[in-house]
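Novice: Next comes the sequence, and after it the predicted model I'd like to discuss.
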Amino acid sequence: MHRSIVRLTRSWCARTAALALAATVAHAQGGNDCTAPTAITGVGSFPFNTTAATTGTQGQALGNCGTLYKDVWYAYTAAVTDGIQFDTCNSASFDTRLNVFAGAGCPAANPLDCDDDSCSLQSVVQISATAGVVYMVQFGSFSSTNPGGTGNVNVSVVVPPPPCGTATGPDVIVGEINGIANYDITGSLDAIALGTTSCNMGTVNLNWFSNTNQHPVIGGNLYRYRVESGSGRFEQIGMSWLKHGFFALSGNLCCVSCAGTDGSTLGVGCSDPYGAGLNGGQSNLGPRYQVNAHTGVFTYPPANPSWTGNTARRCEYLLSDVDLSAGVRYFGETQYVTPDDAAAGNQNNNASYQELSATLPGGTGGASFAQVGPTVREKSAIEAWPLIDPSVTIQNVQVPNDGLFKVAYRTTSLGGGQWHYEYAVYNMNADRNGGSFSIPLPLGATVSNVGFHDVTYRNGDGNGVSDYSGTDWTVTQTASSITWACQTEAANTLANALRWGTTYNFRFDANVAPTSGIATLGLWKVGSPASMTAVVDVPTGPSNVAFCFGDGVTTACPCANDSAVGQNAGCLNSLGNAGKLVMSGNPSVANDTMLMTGTGMPSGSALYYQGTNALNGGGGVVFGDGKRCVGGTVVRLAIKTNSGAGSSSFPAGGDPLLSVKGTVSAGSTRHYSIWYRDSATFCTTDLYNLTNGWSLVWTP
């Protein structure tokens, strides 16, 4: 078995900060001689063609790296000062070798690094590059009898992970996705399994006791990125059951040294490989529903409901979800969950991902996935989205005394004044789960093309081995928000909550441009806090604005008692005036100076109140002698007595601040109005009227 002779320390071999995500250089084929190399720069996949290449004399056998047959050359100019990786993983159809030399021109010294086999029979080389410096890359085949071929040399930026042994306690990560298994289809379903090599990066041995609940469980997911209707989407399309660990080997994939054990623990600095076939062994997989990914606690032995078919329990996906269109990309993700790692507080780095390629050879084999590039350690697959599209932003949302969510978002201009809002919410290990997701809307915003995407539970992965519901979340739109929600835990313990290791997507189009705002993630299991927030793009709109005028432009007043257009007040009252609310000050929860002032009302009592909804899209509904503008959850702020001039205000004197009385939170939108007494017989038999409404978005 041939191996590279000269190797750099690989403690950071597979960790990347950016995959080969730039556009492919269409005509970089590799020069046949080091005196005429093909110039390349940046990151990306650079084509080669060695079918007509000859075996040169330059760069051969330097540093005992071996001969590269039918070799070609690139002159690579580094665009950044960073770690740079060159590889041919799943990008060449033959056994490859790869050298990288310092400096331009034909090499006179040993290579900085060289490699034969690192990903199957393919090569991986990493160097520490300096921006602007030229490096010579030599690529060829291992065997003199190889006819050569075409493919790509992949170039990416890599970043070393923290040194081994810096995390206190046991700390398991996915050091490498070491292989992929493809399976025959069953009906409309196909499946893969991902092999994993775990590493203990901590300072204490990691428990690995078989036939107990003191060992890791290992899950796998499949993601797809594609552009639809002009906007990129990153969606989960597959999910596996869990492999239960049973014996830990003592390899050294991630660390320089390994303190070997008897297999009942994973030693400090040690690694343990589980092949794709092992992780895909159907009879030995358990469901996810019995696992608390935040604490690492799970039931053992796991539930074992009956199953049939070649895809069951494996990382199943609909064959129809495999899209081979240009620009579509796939990512495999694996995650370890185990009690002692979680007890040490090290559970938020347990997932890693790798890009995959897909083909559709047809027949019962269905789709075929292959590995592309290195494993990105300690990163969940959603972290690939901003690498594909730098306009994507991810916010971490850590639930107190529970797990981690990641909220990713991307806003795209569709032209013609239309914008697409795309959100992906990933639950890494929160046991309280997600139950709702809400985005504020400004008054007058028109929302269309509302969408939702989830992942399907199958084969009895749910309480009592009944699958969790696959019902799409219900959408509720008001004048001030759009909210997606599943059934509550009280209503259905099998509801389609956003559980650990899954990503759900929420999307819509709107006729207003984005601004920074607050998304609210409601937690499904009862507890405190009831929800979490994240700063995301939301549709922009006036943050402090009057609405619901009694001028007949929207909903008419009850007896043609419309006020003048432009007066921005309510309907006319018995005095021939229109009650008017004006709000002034700073709508900040921390620095609240807001003042509500009512004018144009008869002398008498007036109720100042707050609500969560702007009724009838902000147009109001007929009520008494006027229109009621505000509803939803109502807070009675104060009852004031209007002066002889028909005016009053809140807060005044010893009144509490508006934000305090209304118990508002940062990012929330609230609506305000005044409901006042009008004792004269006028219009209807009801002796009351209302002012216009006012909408506020409260800032921190």
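Specialist: Everything's here; your move.
Novice: residues in contact with the helix or strand containing residue 596?
Specialist: Assigned by DSSP states H and E, residue 596 belongs to strand 595-599. When contacts are taken as CB atoms under 8 Å, 6 or more residues apart in numbering, the neighbours of strand 595-599 outside the stretch itself are 579-585, 606, 608, 637, 640, 642, 645-651, 658, 672, 674, 676, 691, 694. The C-beta positions use only the backbone N, C-alpha and C, and glycine is treated the same way.
Novice: what are the C-alpha coordinates of that strand, in PDB please?
Specialist: The C-alpha trace of strand 595-599 is given here as PDB (Å, rounded to 0.1, in the frame of the first residue of the first chain):
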ATOM      1  CA  LEU A 595     -45.500  60.500  25.400                       C
ATOM      2  CA  MET A 596     -49.100  59.900  24.100                       C
ATOM      3  CA  THR A 597     -51.100  63.100  23.600                       C
ATOM      4  CA  GLY A 598     -54.700  63.300  22.700                       C
ATOM      5  CA  THR A 599     -56.500  66.300  21.400                       C
END
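Novice: Mind listing what's buried along that strand?
Specialist: By neighbour count, and taking 16 or more other CB atoms under 10 Å as the criterion, the buried residues in strand 595-599 are 596, 598, 599.
Novice: Check stretch 232-242 too.
Specialist: Under the neighbour-count criterion of 16+ other CB under 10 Å, stretch 232-242 has 232, 233, 234, 235, 236, 237, 238, 239, 240, 241, 242 buried.
Novice: quick one: the nearest residue to the last one once chain neighbours are set aside from residue 244, how far?
Specialist: In this structure, residue 242 finds its nearest non-sequential neighbour in residue 217, 4.1 Å apart by CB to CB, 6 or more residues apart in numbering. Between residue 217 and residue 244 the distance is 6 Å, computed by CB to CB, to the nearest Å.
Novice: try residue 90
Specialist: Distance, residue 90 to residue 244, by CB to CB: 29 Å.
Novice: Ok, residue 445 next?
Specialist: The span separating residue 445 from residue 244 equals 49 Å under the rule CB to CB.
Novice: do the same with residue 353
Specialist: When distances are taken as CB to CB, residue 353 and residue 244 turn out to be 22 Å apart.
Novice: List the buried residues for the strand or helix carrying residue 518?
Specialist: Secondary structure here is read from DSSP H and E; on that basis residue 518 sits in strand 514-523. Buried positions in strand 514-523, judged by neighbour count with 16+ other CB under 10 Å: 514, 517, 518, 519, 520, 521, 522, 523.
Novice: tell me the mean pLDDT over the following helix or strand past it?
Specialist: Next along the chain after strand 514-523, taking DSSP H and E as the criterion, comes strand 531-539. Average pLDDT, strand 531-539: 93.
Novice: Run through who's touching strand 531-539.
Specialist: By CB under 8 Å, 6+ apart, the residues outside strand 531-539 that reach it are 393, 395, 397, 399, 405, 407, 409-411, 419, 421, 423, 436, 439-442, 445, 510, 512-523, 665-667.
Novice: Pull out the buried residues from those residues.
Specialist: Among the contacts of strand 531-539, those classed as buried by 16+ other CB under 10 Å are 393, 397, 399, 405, 407, 409-411, 419, 421, 423, 436, 439-442, 445, 510, 512, 514, 517-523, 667.
Novice: Give the residue spans of the stretch 551-700 of the chain that score low on pLDDT.
Specialist: Of all residues in the stretch 551-700 of the chain, none has pLDDT under 70.
Novice: can you give me the helices for it?
Specialist: Listed in chain order, the helices found in the stretch 551-700 of the chain under DSSP state H, counting those that start in this stretch are 658-661.
Novice: ok, now the chain?
Specialist: Under the criterion DSSP state H, the chain contains helices at 276-279, 339-343, 385-388, 658-661.
Novice: if we compare these, which one ends up closest to residue 213?
Specialist: Between residue 213 and the helices of the chain, the shortest separation by CB to CB is 7.1 Å, and it involves helix 339-343.
Novice: Show me the shaky parts of the chain.
Specialist: 1-30, 63-64, 118-120, 159-162.
Novice: okay, now the domains of it?
Specialist: Domains of the chain are assigned by automatic domain parsing as 16-158, 163-388, 391-541, 544-697.
Novice: Buried ones in stretch 344-352, by neighbour count?
Specialist: When burial is assessed from 16+ other CB under 10 Å, stretch 344-352 yields the following buried residues: 344, 346, 347, 348, 349, 350, 351, 352.
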